[in-house]
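>>> Here is my input; please provide its structure:
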Amino acid sequence: MAFLDEWLVPTLEITVPEEAMAAIREAAEATPTSLWEQLVQRRVMTDDEILAAISARFRLPLADLTTMDLKVRESVPEGVARKHHVLPLRITDSTLDAATANPFDIDAEKMLAFATGREVRLLLSSPGRIRDRLEELYRGENLVSKLLGGLETGADVQQIEDTEEDISASADEAAQKPIIRLVDMMLADGVTSRASDIHVEPIEGGVTVRYRIDGVLRQVMTVPRAAGVPLISRIKIMSGLDIADRLRPQDGRARIAINNDKVDLRVSTLPATYGEKVVIRILNQKSTVLSLETLGLFVEERLQIERLLGYKEGIILVTGPTGSGKTTTLYSALRMIQSEGVNIVTIEDPVEYRLGKHIVQVQINDKAGLTFSTALRSILRQDPDVVLVGEIRDGETAQIAVQASLTGHLVLSTLHTNDAPNSVTRLVDMGMQAYKIGAALRGVIAQRLMRRLCLSCRVVQREPVPERVTQYFTNAKTLYQPKGCPDCAMTGYRGRFSIVEILTMSPELERLIGQGATVDLIATAARQNGMLSLFESGLRHVIEGDSSVDELLRVTDIPLEGRYGAAGARPAALGIPSLYPTGVFPTVPQTQSAPAAPGVDLTTAFELLEDAPPAEESAAEQSRGVSVLLVDDEDQLRRVMKDLLERDGYLVHEARDGVQALDQVDRVAPDIIVLDLNLPGLDGYGVLAKLRSRPTTQDIPVIVLTAKGDEDNEVRVFELGADDFLTKPFRARALSARLDAVLSRRRAG
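Numbers count the residues shown, from 1 in each chain. Below you'll find the model as predicted:
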């Protein structure tokens, strides 16, 4: 079996696109995994959609986790609940209600009945929710005290001098079972809580433990001093560090298994006033899906990155502060270009994730003399096609990386700068010649991570937005803010996505960089070439409902008037619909559109020039503001249709395939959809069926485009719920007239 929950396949395969199911099954061939969790991680389906499908097919009730009785833990042993992954909810004299993600687990039902002596009633819930509530149920408020019950501690807590006796004592105490259990519990809790880091910080009289979840630190426990020192020593022993050396920073790593899932840890220590601070970086490969689709980018942003990765030589940089997701983006890029015919070598410090076959990963070892520069020199002798340099830290590494990119290699690397244009300045500061940078650079991706609003509890924002950003939201229909629920640990946010600023090279940019232009000139030229700022990228996500205004202001800075040319000048080259009021983001002149692809004859599908409506007529209809989603895999045809509809006053969004179409429907909630039937992956029939099966989209009017004009095809389309049917080739005025007619019928209805 490829999946641990193979019983789900017959229920979900009718709703999951074949392409997505095949990709998940292929990824699960090496190690059996959960289909449910893979679908949620890849954002193919949500927990609620899966639960609805199972409940409808098997007529099973859904669990209400908000009514959980904490007293039930006294009757159901923790080991039983965790082993069978069930959550006991309520217990009476005769029955036990328990939540499960597998209602056909007979062993779980029998074990619960045996342990409690009661009839068991299984209710449906998702694996993630059950896992989170299990931690809440069995963790308890005084767990630390219970774990440390075997330690000899006095009631009086005071500052202890770091003497030699104290060092040896902490080494002995670090091997005691209560301390081992405490560290194990802390690591397991951090992993199940989706923490990226665990911070163990000494304070006066004790040690605090904080988890960084979705980029924000939360305090979870305070450990008394008598247990805090042995706890830190235990962590240092696990990661191979010298517990006697408390005066110098140290770095180590460890590997643990939690419920048979392997997790890598990076450990860093730092001498502080009250002792050593320890930060544990959690690298859980199972919970990280390395693909560009999972980064939360808009379609045009992902396509820009894919175009950059299409180069065979040059250098591509990803910039941002520590913890902004640079490594994940680079790994996702490597996954995209990974194949048997491409020689890919990485140089990293440290190697965070094992990327599998056809990628050779090199671990830096400064003590052995294996630095970024020396490793890069050796790698270039092995004929690589693609080289990933974990970080460009010094001028020597920068020189070799740029030289490699100029001699037929594609080099990917990271750099610490605040935005994309400043990357050029940073390389010049390292001693690089400006003309070499201009010739080698292919693009720069600056990125940050924003928290995603919890879809289970987000609410419409009623309070006015801060005055300093009011001008950016005058055209926004609905803004959301966090509320908090058990699914998101009462924070209002669950998960993160990337916002990006993508600088792509052009002849004008190459000339400016080679001449040593200032960062302002480089940024202005980059915006004219289509670059969106980090603020604009995040602003779009807020307007789309993915995040909140407060989160945008936490992550990014408001653009300054006059900096980099016009403040926030809007790059029209991307074809993104205007989201902002006139004058806030002035339009930059359009760049020349690309020539039509060879072999594409647009006249067979569209006759725009012959019947184009006069300018006076289109201007008179600019006030309509109706949102249209165009779904067609022919880029040139879609561009022509878009120009026509925008001329008529429509607000146009685009999608190239069926999966993108469904994603765009959820993002922009269009008023009408123009849908081609012949699409890659999920075809138009499948898209139409899914739209009509969902309550939130079943009433959106759909006009179908097809080259098949036969009667059977037309009947099938109308049976699936289409509002109109248009056969290619068709005239320009026909499309506009059909849109008006369908919308008029809907308004009248």
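
>>> Check the gap between residue 531 and residue 746 for me.
Taking C-beta to C-beta, to the nearest Å as the measure, residue 531 falls 39 Å from residue 746. Yep, even glycine has a C-beta here, placed from its N, CA and C like the rest.

>>> ditto for residue 684
In terms of C-beta to C-beta, residue 684 sits 20 Å off from residue 746.

>>> And for residue 445, the neighbour number?
For residue 445, the count of nearby residues is 26 (other C-beta atoms under 10 Å).

>>> Run through the stretch 201-350 of the chain and note the low-pLDDT ranges.
Counting by pLDDT under 70, the stretch 201-350 of the chain has low-confidence residues at 285-289.

>>> What are the buried residues along the helix or strand where residue 264 lies?
Assigned by DSSP states H and E, residue 264 belongs to strand 261-272. By neighbour count on 16 or more other C-beta atoms under 10 Å, the buried set for strand 261-272 is 263, 264, 265, 266, 267, 268, 269.

>>> same question, stretch 504-516
504, 505, 509, 510, 512, 513.

>>> ok, residues contacting that stretch?
For stretch 504-516, contacts defined as C-beta atoms under 8 Å, 6 or more residues apart in numbering pick out 304, 307-308, 424, 428, 434-435, 437-439, 441-443, 503, 521-522, 525-526, 528-531.

>>> In helices, which of those appear?
Mapping the contacts of stretch 504-516 onto helices (DSSP state H) picks out 304, 307-308, 424, 428, 434-435, 437-439, 521-522, 525-526, 528.

>>> In TSV, list the buried residues of strand 261-272 along with distance to residue 314.
Formatted as TSV, the buried residues of strand 261-272 follow (distance: C-beta to C-beta, whole Å):
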residue	distance to residue 314
263	36
264	32
265	35
266	31
267	36
268	34
269	39
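
>>> quick one: which of these is nearest residue 663?
Lowest distance from residue 663 to these (C-beta to C-beta) belongs to residue 263, with 30.6 Å.

>>> quick one: the closest one and residue 191 touch, right?
Yes: the criterion here is C-beta atoms under 8 Å, and residue 263 meets it with residue 191 at 5.8 Å.

>>> Find residues that contact each of the two.
Common neighbours of residue 263 and residue 191 (C-beta under 8 Å, 6+ apart) are 282, 284.

>>> Would you map the helices across the stretch 451-600 of the chain?
507-514, 519-528, 534-544, 549-555 (DSSP state H, counting those that start in this stretch).

>>> For residue 652, give me its contacts.
Residue 652 makes contacts with 577, 627, 628, 629, 630, 642, 645, 646, as judged by C-beta under 8 Å, 6+ apart.

>>> let's see it at 7 Å
If you count contacts by C-beta atoms under 7 Å, 6 or more residues apart in numbering, residue 652 has them with 577, 628, 630, 642, 645, 646.

>>> Sitting in strands, which of those residues do you find?
628, 630 (DSSP state E).

>>> and which of the contacts of residue 652 is nearest to residue 667?
Nearest member of the contacts of residue 652 to residue 667, counting by C-beta to C-beta, is residue 577, at 11.8 Å.

>>> How much space separates the spatially most central residue of the chain from residue 378?
Per C-alpha atoms, centre = their mean, the C-alpha nearest to the average position across the chain is that of residue 295, at 3.3 Å. With distances taken as C-beta to C-beta, residue 295 is found 32 Å from residue 378.

>>> Over to residue 696?
For residue 696, the distance to residue 378 - C-beta to C-beta - is 56 Å.

>>> I'd like to know which of the ones in helices among the contacts of stretch 504-516 is nearest to residue 457.
Nearest to residue 457 among the ones in helices among the contacts of stretch 504-516: residue 304, at 33.1 Å, using C-beta to C-beta.

>>> tally of neighbours for the closest one?
Around residue 304 there are 22 other residues, counting by other C-beta under 10 Å.

>>> would you say residue 218 is within a strand?
Yes: counting by DSSP: H, G, I helix; E, B strand; the rest coil, residue 218 is found in a strand.

>>> any idea how far it is from residue 192?
With C-beta to C-beta as the criterion, residue 218 and residue 192 are 14 Å apart.
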